[in-house]
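> Sequence below, structure please.
(one chain, ligands or ions: 1)
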Amino acid sequence: MAGANKGRTTIEVGSDGVALITIINPPVNSLSFDVLNSLKESYEQALRRTDVKAIVIAGANGKFSGGFDISAFGEIQSGRIEKPKPGFVAVEILTNTVEVAQKPSVAAIDGLALGGGLEVAMACHARVCTPSAQLGLPELQLGILPGFGGTQRLPRLVGLAKSLEMMLTSKPVKGTDALNLGLVDTVVSPDKLVSTARQWALEILERRKPWVSSLLKTDKLEPLGEAREILKFARAQARKQAPNLKHPLVCIDVIEEGIVSGPIAGLWKEAEAFQQLLESATCKALVHIFFAQRGTSKVPGVTDRNLAPRRVKTVAVVGGGLMGSGIATALILSNYTVILKEVNDKFLQAGIGRVKANLQSRVKKGNMTQEKFEKTMSLLKGTLDYEGFKDVDLVIEAVIENVQLKQQIFIDLEKYCPPHCILATNTSTIDLNIVGEKTKSKDRIIGAHFFSPAHVMPLLEIVRTQHTSSQVIVDLLDVGKKIKKTPVVVGNCTGFAVNRMFFPYTQAAMLLVERGADLYQIDKVVTKFGMPMGPFRLADLVGFGVAIATGTQFVLNFPDRTYKSMLTPLLQEDKRAGEATRKGFYIYDDKRKASPDPELKKYVEKARSISGVTVDPMLVKLPEKDIVEMVFFPVVNEACRVLDEGIAVKAADLDIAAIMGMGFPPYRGGIMFWADTLGSKYVYSRLEEWTKRYGGFFKPCSYLADRAAKGLPLSLLANNARPRL
Ligand SMILES: C[C@H](O)CC(=O)SCCNC(=O)CCNC(=O)[C@H](O)C(C)(C)COP(=O)(O)OP(=O)(O)OC[C@H]1O[C@@H](n2cnc3c(N)ncnc32)[C@H](O)[C@@H]1OP(=O)(O)O
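Model prediction:
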């Protein structure tokens, strides 16, 4: 087996006769094949040496291990490195070498023990950890299952119910909880970690502490009848929560095998399932997303210039509406001091009230203590003027989408804020050059586009113009990271990246409905595909006011490819403006449950006659696959334009933007990744076919046409393609 050629372990034998094996593979001590082979060699050496009585495994630099090296997945999938033979790690190294050894092993866990990292620790005969250590099996998040014996050892250490919860949610537990669960044997401070582990190992040898093989434990396992009930419930939950995903069910099957037929049978079934899942489309997509998400903060020409982010301490938010109060909430939650500005006391109090309500909902759910609530609220100050702005490091303007108003605010900001202050706008559509047109501070103007609700949604679209300085981008990336958002840096244009991609999604759905497709069927199929809701249900949720306002921007800027349907304006005219008015495309009961409305037919017919189109019998009986493609290929087409224009610097950023901004299913790898699984030729040919039938809305852009002609993936930017920024 060829290694990924990185990482190693070291072995150091102390005068106490304990061999300390340390995993070294920065930054997270992941288990590459080199590390695993070296671990095996170090172990064999420790077992052979007569001066070694017991073994302690630890990770370098305060991190035990972040698990199997995820970058090796792609190398195995593409055949660049040879697949390990089934059971090489789980059986040969961890069970036959570590667990059944004649010398006891103790894992000394600080920082992280995730995935394969925790699996190594569980093969040891005891575990010592620090209070803040994080222990978990998050493999399902990558479309695989724990493959180094975790499906067998975790249930035996913490019980079936808890182990299923940990694996199915991928959530780690902290050191102290791990102790209560029986996952670790003791918790000590970091400075005592290794010495305690050494002592523990010697005491095991002297039989003063139990010598436990996790794989052979049965005391924590529920009786068989109860276990079957727990597994049945887990299956039902997995099917309900992720109907399109098979791997959680495979994981449950593997766990069941171990419970019913014993841990060795379970280990072999795990090894087989691991190899199969590694090749699955879901795993490929989720591994792509893992790296794509980490790649969004790497911006060529910006983050590779050794610029350190400047310290941002105080932030001002202009506008306390839904967006402004959400942004202020996100900031104070990460300990920024925030000044919230409104135009009058009534609006200000309403804004502060919204922030309070956002935090109170955390208190109610038990996610925040009253004390923390008060401390967090104390970071927020309200104001009606710009006097307090002289000390702020960052301003985020979040008022309504009115060009003149925004321009005036930026004139004021330039006047009142210190010269180093970053001037950001939360506009979702308006060109930043227009917003900052009347200032001389163009190098520090930047877009900070949050998604509603801003304190919950994970995406932050950072918009730069050709004037925005790299320093300001680096500063905002840092703030984004601190408030736990995934940033995507994009160029300036109407709608930026997310809303530009989003727009054709609703438009395509309107076009289909006017030509005879069933509106509710479209929502159903799109939800089945994996979106949290269909385009019509979403339009109801957002409200037609917003939809029509942004729509106007698109009609103005991209008239060639905007489908002008009167369906939404007609509904709005009848005071059906979405969920807030209890009527939109759906009707809503007191509990906000949406039901189809037979009345809708008459609005569709009216919109159809205004558009002058007729029902196409083909669209009336459109198969599900065609509905998905007709709704999403126009999104792919726009994403290609966004990429071609340099608005996004890489396709993977658009994948993340689609997942976090639109709710595109992550297990399909994002919009461009998904399109590439179907092939550029196929996407192009379908769009061409629909262009002939239904007009310019579907017309494939030149980037897509070029990729299709050359048979290239859409995500592959030409070597000479450079962002236009
Ligand atoms: C057979 C086994 O059962 C299979 C497995 O073990 S699969 C792997 C299971 N482990 C995981 O899923 C953990 C994945 N990693 C994480 O969740 C997070 O990276 C973390 C919690 C470990 C650290 O988070 P954080 O401190 O925010 O740093 P983060 O930016 O995510 O990662 C730091 C770097 O380590 C890399 N990294 C993290 N975990 C890695 C892993 N398991 N393999 C390879 N690289 C990894 C990241 O790609 C990133 O690289 P970059 O700096 O070049 O972008």
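
> what does stretch 566-582 rub up against?
Contacts to stretch 566-582, defined as Cβ atoms under 8 Å, 6 or more residues apart in numbering, come from residues 510, 513-514, 539-545, 547-548, 551, 583-586, 588, 592, 594, 603-604, 606-607, 610-611. Backbone N, C-alpha and C define where each C-beta goes, glycine included.

> Separate out the buried members of the residues you listed.
For the contacts of stretch 566-582, a burial check counting by 16 or more other Cβ atoms under 10 Å picks out 510, 513-514, 539-544, 547, 551, 583-586, 588, 594, 603-604, 607, 611.

> Narrow those to those in helices?
510, 513-514, 539-542, 544, 547, 551, 603-604, 607, 611 (DSSP state H).

> State the pair within the residues you listed that is farthest apart.
Across those, no pair lies farther apart than Leu541 and Ser611, at 24.8 Å, counting by Cβ to Cβ.

> In this structure Leu619 contacts Ala517, no?
Yes. Contact status for Leu619 versus Ala517: in contact at 4.7 Å, counting by Cβ atoms under 8 Å.

> what's the neighbour count on the residue in the stretch 351-500 of the chain that the ligand sits nearest to?
Relative to the ligand, the nearest point of the stretch 351-500 of the chain is Lys481 (8.8 Å; Cβ to the nearest ligand atom). Summarising burial for Lys481: neighbours were counted as other Cβ atoms under 10 Å, giving 15.

> One more: Thr10?
Residues contacting Thr10 under the criterion other Cβ under 10 Å number 12.

> any idea which element it lies in?
Counting by DSSP states H and E, the element that carries Thr10 is strand 8-13.

> Could you do Arg207 as well?
Judged by DSSP H and E, Arg207 forms part of no helix or strand.

> per-residue pLDDT, it?
At Arg207, the predicted lDDT confidence score is 97.

> burial measure for it, as a count.
9.

> Show me which of Leu619 and Ala517 is the more surrounded one.
Ala517 (24 against 20).

> Now do the contacts for that one.
Leu619, Val620, Leu622, Ile627.

> Buried residues in stretch 299-314, which are they?
Neighbour-count burial for stretch 299-314 flags Val299, Val302, Leu307, Val312, Thr314 (criterion: 16+ other Cβ under 10 Å).

> what's the answer for stretch 101-110, then?
Using 16+ other Cβ under 10 Å as the test for burial, stretch 101-110 gives Ala101, Lys103, Pro104, Ser105, Val106, Ala107, Ala108, Ile109, Asp110.

> Kindly report the same for stretch 161-170.
Neighbour-count burial for stretch 161-170 flags Ala161, Lys162, Ser163, Leu164, Met166, Met167, Leu168 (criterion: 16+ other Cβ under 10 Å).

> Stretch 457-464 now?
For stretch 457-464, burial by neighbour count (16+ other Cβ under 10 Å) applies to Met457, Leu459, Leu460, Glu461, Ile462, Val463, Arg464.

> Also stretch 63-74?
Lys63, Phe64, Ser65, Gly66, Gly67, Phe68, Asp69, Ile70, Ala72, Phe73.

> mind listing what the residue of the stretch 351-500 of the chain closest to the ligand touches?
Going by Cβ under 8 Å, 6+ apart, Lys481 touches Ser297, Pro487.

> and Leu221, how many neighbours?
Count around Leu221 with other Cβ under 10 Å applied: 16.

> for it, helix, strand, or coil?
State at Leu221, reduced to three classes by DSSP: H, G, I helix; E, B strand; the rest coil: coil.

> mind checking how far it is from the ligand?
Distance of Leu221 to the ligand, given as Cβ to the nearest ligand atom, to the nearest Å: 21 Å.

> count of residues packed around Pro665?
19.

> Mind pulling up the pLDDT for the residue nearest to it when sequence neighbours are not counted?
Using Cβ to Cβ, 6 or more residues apart in numbering and skipping the chain neighbours, the partner closest in space to Pro665 is Gly530 (3.0 Å). Note on Gly530: pLDDT of 97.

> How about Glu82?
Here, the pLDDT recorded for Glu82 equals 84.

> now do Gly551
With respect to pLDDT, Gly551 scores 80.

> List the contacts of it.
Gly551 neighbours (Cβ under 8 Å, 6+ apart): Phe503, Thr562, Thr568.

> wait, isn't the second one in contact with Met510?
No. Thr562 is not in contact with Met510 according to Cβ under 8 Å; the separation is 10.6 Å.
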